[in-house]
Structure formats: C-alpha cells, structure tokens
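[1] no FASTA, just this:
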C-alpha cells in the first residue's frame with residue numbers, strides 16, 4: 001500500500017469531497033473559511049494535498065515547512081476509511097519523506113470539562129501510538145488552546161514563534177500572534 005500526496009486543485013475529481021471533509025473534520029474555530037480555502041487552492045498553495053492509497057481517495061493534509069520543521073496544520077481521513085490504519089500509514093509516509101525534519105502538529109487541549117473530551121483523549125493516544133510526544137507547549141489562539149505534539153526531537157519556544165511568524169508573514173503575522181505557553185510538568189508543581 002502506497003500513500004500518495006497529490007497537490008489539491010479544483011480539477012481534482014475529489015475536490016468537493018476534500019472541502020466537505022475539511023468542514024466536517026475541523027471545528028469552526030480552527031477552520032479557515034471555505035471561500036479562502038478554495039481561493040488558495042486556485043492559487044496553487046503548496047502543502048494542501050489529497051491523500052490517495054493507489055487510486056482510492058482517503059483524506060486530506062495541509063503541511064508547511066519552516067527550516068527543518070514540518071508543520072501539519074490539517075490532517076483528516078474520510079469517515080469511510082477511518083479505523084483501517086490509513087492515518088498511521090500517512091504518518092509513516094511523512095516520517096519517510098521528512099526523515100531529516102521534525103514534524104509538529106497541534107491537537108485540542110485535553111480536559112474533562114470539554115464536550116468532546118473522550119475524542120480528544122483518543123486523538124492524542126493515536127498520535128502518541130505513532131511516535132509523537134508533547135512538545136511541552138500549548139498554543140493559545142484567539143478562540144482555543146492547542147497542545148503542540150512533535151515527532152523526533154524537541155522544539156523551543158523561540159522556534160515556535162519564528163515558525164508562526166514565517167507562516168503568517170507581514171500584516172497577518174502582526175495581527176495574529178498565537179501565544180506560546182510552556183506546560184508545567186507534574187514535577188514542576
């Protein structure tokens with residue numbers, strides 16, 4: 001089984017499936033508006049990919065790179081293909097492709113008070129089972145807090161800030177600056 005990362009374009013047969021999966025998989029807080037996503041696709045924004053196993057569409061992923069850091073912004077497997085090992089296969093493919101890089105991603109912060117607490121715990125366990133661990137940092141965005149996970153190595157607060165600054169650039173980067181919060185370990189309390 002080979003996982004193929006195919007750049008998303010409006011001509012892809014699964015273009016509308018990808019847009020619908022994106023809207024279904026990501027909360028309104030984390031999601032960029034669909035019109036903006038479509039605009040970026042028409043402009044050929046690098047990093048947005050349709051995931052295929054042979055000729056079967058299985059999901060979507062959006063990644064960017066900053067120096068030796070690969071940042072996974074969005075990653076979702078279509079509901080009809082979940083719990084069949086595809087998520088792990090995609091991560092294995094990424095591990096091979098970016099073997100000289102650190103791979104990071106954000107997940108929703110854990111806590112019993114969240115409505116979807118069991119889903120959050122399951123998601124974190126999935127990534128931990130695939131070699132990710134806590135970076136030691138939370139990312140506070142305007143509407144939510146996310147825990148940054150990392151595969152291979154460590155990442156510093158300065159690197160996270162520089163990555164976000166590079167990602168958002170000039171004006172947007174000035175207006176949108178997520179706060180990086182160090183997580184206190186139980187030993188620190």
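    Structure received. Remember, predicted model here, so these are calculated numbers, not experimental data.
[2] can you tell me the SS state at residue 12?
    What DSSP: H, G, I helix; E, B strand; the rest coil gives for residue 12 is coil.
[3] distance check, the closest residue in space to it that isn't next to it in sequence against residue 127.
    Leaving aside its sequence neighbours, residue 12 sits nearest to residue 50 (C-beta to C-beta, 6 or more residues apart in numbering; 5.6 Å). Bear in mind the C-beta positions are built from the backbone N, C-alpha and C, glycine included. Shown here: residue 50 relative to residue 127, a distance of 22 Å by C-beta to C-beta, to the nearest Å.
[4] can you verify the residue nearest to residue 12 is assigned to a strand?
    Yes - counting by three-state DSSP, residue 50 is part of a strand.
[5] pull the number of nearby residues for it.
    Look at residue 50: counted by other C-beta atoms under 10 Å, it has 22 neighbours.
[6] just checking, it touches residue 57?
    Yes - here residue 50 reaches residue 57: they are 6.4 Å apart, a contact under C-beta atoms under 8 Å.
[7] what do the two both touch?
    Applying C-beta atoms under 8 Å, 6 or more residues apart in numbering, one finds that residue 50 and residue 57 are jointly contacted by residue 14.
[8] helices and strands around the single longest strand found in the chain, which ones?
    The strand that spans the most residues within the chain, counting by DSSP state E, is strand 56-66. Counting contacts by 3 or more C-beta pairs under 8 Å, 6 or more residues apart in numbering; DSSP states H and E, strand 56-66 is packed against helix 15-25, strand 48-53, strand 69-77, helix 86-97, helix 157-168.
[9] tell me which of those sits nearest to residue 151.
    helix 86-97 (6.9 Å; C-beta to C-beta).
[10] coming back round to it: mean confidence for the longest strand of the chain?
    For strand 56-66, mean pLDDT is 92.
[11] in TSV, list the helices and strands packed on strand 56-66 along with distance to residue 148 and mean pLDDT.
    As requested, the helices and strands packed on strand 56-66 are arranged in TSV below (distance: least, C-beta to C-beta, whole Å; pLDDT from 0 to 100):
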stretch	distance to residue 148	mean pLDDT
helix 15-25	19	82
strand 48-53	21	90
strand 69-77	9	93
helix 86-97	16	95
helix 157-168	7	88
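[12] which one of these lies nearest to residue 147?
    Of all these, helix 157-168 comes closest under C-beta to C-beta, at 12.1 Å.
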